[in-house]
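Visitor: Need coordinates for the following:
(one chain, ligands or ions: 1)
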Amino acid sequence: NRISIFSPATIANVSCGFDVLGLCLDSVGDEMTINTACPKGVKIKEIIGADLPLVAEKNVGGVAALALLEHLQPDHGFEISIKKNIKAGSGIGSSAASAAGAVFAINHLLGSPLSNKELVPFAMQGEKLASGSAHADNVAPALLGGFTLIRSYEPLDIIKIDAPEELYATVIHPQIELKTMDARSVIRENITLKKATVQCGNIAGLISGLYTNDYNLIGRSLHDELVEPVRYILIPKFKEIKVAAMSAGALGGGISGSGPSVFALSRGVQTAQKAAEAMASVLQDTGIPFELHVSPI
Ligand code: HSE
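Guide: Now for the predicted structure:
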């Protein structure tokens, strides 16, 4: 038995939801093929497009798959081949795509004993290997689509929220590698009550905007008091890129996951494309190479 899947890229945090909000990029992602094999366990057969470990225990997809097999105890094993289109350290959930794709495909080949939501904890094991923290804000939207809210980690409580029809994401990836582990090390542990209050207002505003298709409310809520103010210095021309996107009509934006990618959300594909051009023009002036994506959510 064999299955070929598209495993999507994701934007974690979505500005105000550090570790608790994420969204799925419908048209950007990796390709994976998984087949059943005789020997038990997991074999990473091939990875095209990236220099990543082939030893299952050291590979994020392998670790997530092994965690799932430990739970489901099938009487055979699996082989995984990955074509990486999402660059490692790009900030659009490269490790999450491998981890989520591996557990989704294996579960499917076993007759779907678990729901996609139930697969999240296994995919999180891959994230733990990649970044030292088992955050779910990339793997949950990769598995469920749309927006996801992780209301609680202990116990895990995940809510899927459909994206408003006309909402598009623009992502620019300056081609420098920023490891999530390093980008997490700059974050302050303590925050003031004042900042926490502003952040709560914005998260609540964003969720309300998603449920009521209120694009302006979504835009007004895309602010981050906690992480962006310390992380942005790791990203070349971050503020200029964000201002350029907003001037082109985007609703708002911020750092995609732990960076260095920067995202903007727009109403309609045309505005998203205009935002892409404006964001690109900022980096063009610096000579830093970059990749651009415009995607429905
Ligand atoms: N929430 C995580 C972080 C996402 O910001 O560190 C990493 O992609």
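
Visitor: What backbone torsions are found at Phe290?
Guide: Dihedral pair for Phe290: phi -150, psi 160, per degrees, to the nearest 10.

Visitor: For the residue in the stretch 1-150 of the chain positioned nearest to the ligand, grab the count of nearby residues.
Guide: Using Cβ to the nearest ligand atom, the closest approach of the stretch 1-150 of the chain to the ligand is made by Ala12 at 3.6 Å. C-beta: built from backbone N, CA, C; applies to glycine. For Ala12, the tally of surrounding residues (other Cβ atoms under 10 Å) stands at 29.

Visitor: from what I can see it touches Val20, true?
Guide: No: using Cβ atoms under 8 Å, Ala12 makes no contact with Val20, being 9.3 Å away.

Visitor: shared neighbours of those two, anything?
Guide: Listed as contacting both Ala12 and Val20 by Cβ atoms under 8 Å, 6 or more residues apart in numbering are Asp137.

Visitor: picking that back up, what sits opposite the residue of the stretch 1-150 of the chain closest to the ligand in the beta ladder?
Guide: Ala12 has the following beta-bridge partners by DSSP bridges: Gly22.

Visitor: what does Thr36 give?
Guide: Phe78.

Visitor: likewise the one 10 residues further on?
Guide: On the basis of DSSP bridges, Glu46 takes part in beta bridges with Ser81.

Visitor: For Gly219, give me its contacts.
Guide: Counted by Cβ under 8 Å, 6+ apart, Gly219 has contacts 250-252, 265.

Visitor: Scan those and report the most crowded one.
Guide: Neighbour-wise, those (other Cβ under 10 Å) top out at Leu265, 29 neighbours.

Visitor: Identify the residues contacting that one.
Guide: Leu265 touches 167-170, 218-219, 222, 250-253, counting by Cβ under 8 Å, 6+ apart.

Visitor: contacting residues for Leu210?
Guide: 147, 161-164, 218.

Visitor: Kindly recompute the last result at 10 Å.
Guide: 14, 21, 23, 146-147, 149, 161-164, 167, 217-218, 221, 297 (Cβ atoms under 10 Å, 6 or more residues apart in numbering).

Visitor: and this protein, which residues reach the ligand?
Guide: Within the chain, the positions adjacent to the ligand are 12-13, 18-19, 135, 137-138, 180, 183-184, 257-258 by Cβ under 6 Å from any ligand atom.

Visitor: Repeat the analysis, applying 5 Å as the threshold.
Guide: Neighbours of the ligand within the chain, by Cβ under 5 Å from any ligand atom: 12, 19, 135, 137, 180, 184, 257-258.

Visitor: Just the C-alpha atoms of stretch 120-136, please, in PDB.
Guide: The C-alpha trace of stretch 120-136 is given here as PDB (Å, rounded to 0.1, in the frame of the first residue of the first chain):
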ATOM      1  CA  VAL A 120      -1.600  16.300  16.600                       C
ATOM      2  CA  PRO A 121       0.300  15.000  19.800                       C
ATOM      3  CA  PHE A 122       2.300  12.500  17.700                       C
ATOM      4  CA  ALA A 123       3.300  15.200  15.200                       C
ATOM      5  CA  MET A 124       4.300  17.400  18.100                       C
ATOM      6  CA  GLN A 125       7.000  14.900  18.900                       C
ATOM      7  CA  GLY A 126       8.700  15.900  15.600                       C
ATOM      8  CA  GLU A 127       8.500  19.500  16.600                       C
ATOM      9  CA  LYS A 128      10.200  18.700  19.900                       C
ATOM     10  CA  LEU A 129      13.100  17.100  18.100                       C
ATOM     11  CA  ALA A 130      13.400  20.100  15.700                       C
ATOM     12  CA  SER A 131      13.200  23.000  18.100                       C
ATOM     13  CA  GLY A 132      13.300  21.600  21.700                       C
ATOM     14  CA  SER A 133       9.700  22.600  22.300                       C
ATOM     15  CA  ALA A 134       6.600  20.500  21.400                       C
ATOM     16  CA  HIS A 135       4.600  23.500  20.100                       C
ATOM     17  CA  ALA A 136       1.400  22.600  18.100                       C
END
